[in-house]
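A.B. asks: I would like to see how this sequence folds:
(one chain, ligands or ions: 1)
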Amino acid sequence: MTDGRSNTGRLITFEGGDGSGKSTQLHMTETWLSEQGYKVRVTHEPGDTQLGKEIRRLLLEGEYTPVPECELLMFLADRAQHVREVMMPALEAGEWVLCDRYSDSTMAYQLAGRKLADLEGLNSMLSFAELGISPDLTLWFDLPVTEALHRIRSRSSMGEASTRLDEEAQSFHESVHAAFAKLHSVHSDRISRIDASEAIDRVQQQIQAVFTERGLV
Ligand code: TMP
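C.D. replies: Residues are numbered from 1 along each chain as shown. Sure, this is the predicted structure:
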């Protein structure tokens with residue numbers, strides 16, 4: 001871990017816009033790591049704890065539209081619970097935690113997408129919620145917004161429920177995408193870009209190559 005705690009676990013976060021295929025890849029990565037004997041915990045934000053499930057429902061199912069400030073605080077409330085109830089114990093037990101979304105999503109969706117807090121203010125809120133736990137590696141699933149929106153629409157035409165944020169305007173998704181690209185360029189030591197437009201198996205090969213190149217496996 002990059003935050004100096006005395007555990008041997010690793011935190012790998014999967015980030016990117018909606019429709020980028022990261023959740024499928026997360027499960028493929030879980031299988032790959034488990035086959036090599038690593039103890040892997042798969043988790044996601046928002047909504048992995050019991051309280052988090054309620055927060056997720058309120059936030060994303062579209063019954064309510066929170067003001068942006070409320071939206072930010074609800075994502076952070078989910079994170080504070082998740083970090084303490086799920087992530088910390090798993091990391092302290094030496095597990096590999098594969099987390100579908102974490103603080104880069106807050107940076108991209110709330111800071112950039114909602115044009116919300118100033119960076120300094122958000123950084124201190126994040127460290128309060130996250131206890132300073134930062135990922136060992138972040139995989140950014142990069143997919144052009146038009147392709148991502150196409151995937152979201154075809155999923156919903158096949159009956160899969162979309163979230164309140166999936167339904168935001170294209171300009172919102174463009175801001176989110178630009179923010180992930182910027183985070184990648186600023187934190188290239190931590191964030192690896194994955195070309196999510198390739199076929200599923202090829203995307204998984206890219207991921208495995210990143211783990212190997214970075215000496216993680
Ligand atoms: P997903 O579970 O299908 O990825 O949906 C989660 C949605 O929540 C997605 O649109 C991204 C959004 N989100 C934020 O806006 N801020 C955050 O901090 C997190 C974790 C997710």
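A.B. asks: From the rest of the structure, what touches stretch 199-217?
C.D. replies: With CB atoms under 8 Å, 6 or more residues apart in numbering as the test, stretch 199-217 has contacts from 10, 21, 24-25, 28-29, 32-33, 36, 38, 136-137, 139, 141, 192, 194-196, 198. Placement of C-beta: from N, CA and C, glycine included.
A.B. asks: same thing but 6 Å
C.D. replies: Contact partners of stretch 199-217, identified using CB atoms under 6 Å, 6 or more residues apart in numbering, comprise 25, 28, 29, 192, 194.
A.B. asks: for stretch 102-119, same thing?
C.D. replies: Taking contacts as CB under 6 Å, 6+ apart, the residues outside stretch 102-119 that touch it are 13, 15, 68, 72, 75, 122, 126, 172, 175-176, 179-180, 183.
A.B. asks: for stretch 77-93, same thing?
C.D. replies: 7, 9, 41, 43, 46, 48-49, 51-52, 55, 97, 129-131, 133.
A.B. asks: ok, of the residues you listed, which one's closest to the ligand?
C.D. replies: Comparing the contacts of stretch 77-93 against the ligand with CB to the nearest ligand atom picks out residue 46 as the nearest, at 5.5 Å.
A.B. asks: Quick check: that closest one vs residue 37, distance?
C.D. replies: Noted for residue 46: a distance of 31 Å to residue 37, by CB to CB, to the nearest Å.
A.B. asks: One more: residue 167?
C.D. replies: Per CB to CB, residue 167 is found 42 Å from residue 37.
A.B. asks: neighbour count winner among these two?
C.D. replies: Each of residue 167 and residue 37 has its neighbours counted (other CB atoms under 10 Å); residue 167 has more, 12 against 6.
A.B. asks: Got the confidence number for the residue nearest the centre of the chain?
C.D. replies: Among the residues of the chain, the one closest to the centroid is residue 101, at 1.3 Å (CA atoms, centre = their mean). Note on residue 101: pLDDT of 98.
A.B. asks: residues touching it, list them.
C.D. replies: residue 45.
A.B. asks: Wasn't residue 198 part of a strand?
C.D. replies: No. Counting by DSSP: H, G, I helix; E, B strand; the rest coil, residue 198 falls outside a strand, being coil.
A.B. asks: how close does it get to the ligand?
C.D. replies: Going from residue 198 to the ligand by CB to the nearest ligand atom, to the nearest Å gives 20 Å.
A.B. asks: same thing with residue 211?
C.D. replies: Noted for residue 211: a distance of 22 Å to the ligand, by CB to the nearest ligand atom.
A.B. asks: Could I have the CA atoms of the helix or strand encompassing that residue written out in PDB?
C.D. replies: Remark: residue 211 resides in helix 200-213, with elements defined by DSSP states H and E. Extracted in PDB, the C-alpha atoms of helix 200-213 (Å, rounded to 0.1, in the frame of the first residue of the first chain):
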ATOM      1  CA  ILE A 200     -13.100  -8.600 -24.100                       C
ATOM      2  CA  ASP A 201     -10.200 -11.100 -24.200                       C
ATOM      3  CA  ARG A 202      -7.800  -8.600 -25.600                       C
ATOM      4  CA  VAL A 203      -8.800  -6.100 -22.800                       C
ATOM      5  CA  GLN A 204      -8.100  -8.800 -20.200                       C
ATOM      6  CA  GLN A 205      -4.700  -9.400 -21.800                       C
ATOM      7  CA  GLN A 206      -3.900  -5.700 -21.400                       C
ATOM      8  CA  ILE A 207      -4.800  -5.900 -17.700                       C
ATOM      9  CA  GLN A 208      -2.600  -9.000 -17.100                       C
ATOM     10  CA  ALA A 209       0.300  -7.300 -18.900                       C
ATOM     11  CA  VAL A 210       0.000  -4.200 -16.600                       C
ATOM     12  CA  PHE A 211       0.100  -6.400 -13.500                       C
ATOM     13  CA  THR A 212       3.200  -8.200 -14.800                       C
ATOM     14  CA  GLU A 213       5.000  -5.000 -16.000                       C
END
